[in-house]
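Participant: structure for the following, please:
(one chain, ligands or ions: 1)
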Amino acid sequence: MSYANITSTVDLVDCTNVNQVTITVPQAGKVVVYATAYMKVDHTVGQVDGLRMVVDTDPTACTFGPNHWQHDIPSSYPSDTWNRMTPMLFNVFDVNGAGTYTFYLNARMYYGEGAGDQHRSSNMFAVFYPS
Ligand SMILES: [Ca+2]
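Facilitator: Residues are numbered from 1 along each chain as shown. Down below sits the predicted model:
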């Protein structure tokens, strides 16, 4: 098991890598990667804010898919600079053999990106299951 905890204010610009975890495995199998995060979304009435997060092998991937997490703040909601979100997500990856593998937690404001949309902290852990 490998673990990565980070407290770091990171402004979200396009698809932003906010954390990563690296695990060394002895053989082929599966790696299950879990992540939790504390995110801050700055919302202005009249504008939809949408935050998407994924765990992926690519630090530039923010792909919509079965393992992503996302949340919208409707445009009708009143302005608030500190909308707190605490997503939890996971993904399962095949590893083809012994080696060291890195997995990334990425975030993107797909609506309403602006100053004040931020990662504040997160943690990840990776568990290996031999095949
Ligand atoms: Ca925003």
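Participant: bridging residues for residue 35?
Facilitator: As for beta bridges, residue 35 partners with residue 89, residue 124 under DSSP bridges.
Participant: right, and it touches residue 104 too?
Facilitator: No: at 9.4 Å, residue 35 does not count as touching residue 104 under the criterion of C-beta atoms under 8 Å. Yep, even glycine has a C-beta here, placed from its N, CA and C like the rest.
Participant: what's the overlap in contacts for these two?
Facilitator: 19, 55 (C-beta atoms under 8 Å, 6 or more residues apart in numbering).
Participant: and those two? Which one has more around it.
Facilitator: Of the pair residue 35 and residue 104, residue 35 is the one with more neighbours under other C-beta atoms under 10 Å, namely 27 against 20.
Participant: let me see the contact set for the more buried one.
Facilitator: Residues in contact with residue 35, defined by C-beta under 8 Å, 6+ apart, are 19, 53, 55, 87-90, 105, 122-124.
Participant: and those near the ion, which?
Facilitator: Subset of these in contact with the ion: empty, counting by C-beta under 5 Å from the ion.
Participant: closest to the ion out of those residues?
Facilitator: residue 53 (14.9 Å; C-beta to the ion).
Participant: show me what the closest one is bridged to.
Facilitator: residue 69, residue 107.
Participant: residue 110 is in contact with that one, correct?
Facilitator: No: contact between residue 53 and residue 110 fails when scored by C-beta under 8 Å: they sit 10.7 Å apart.
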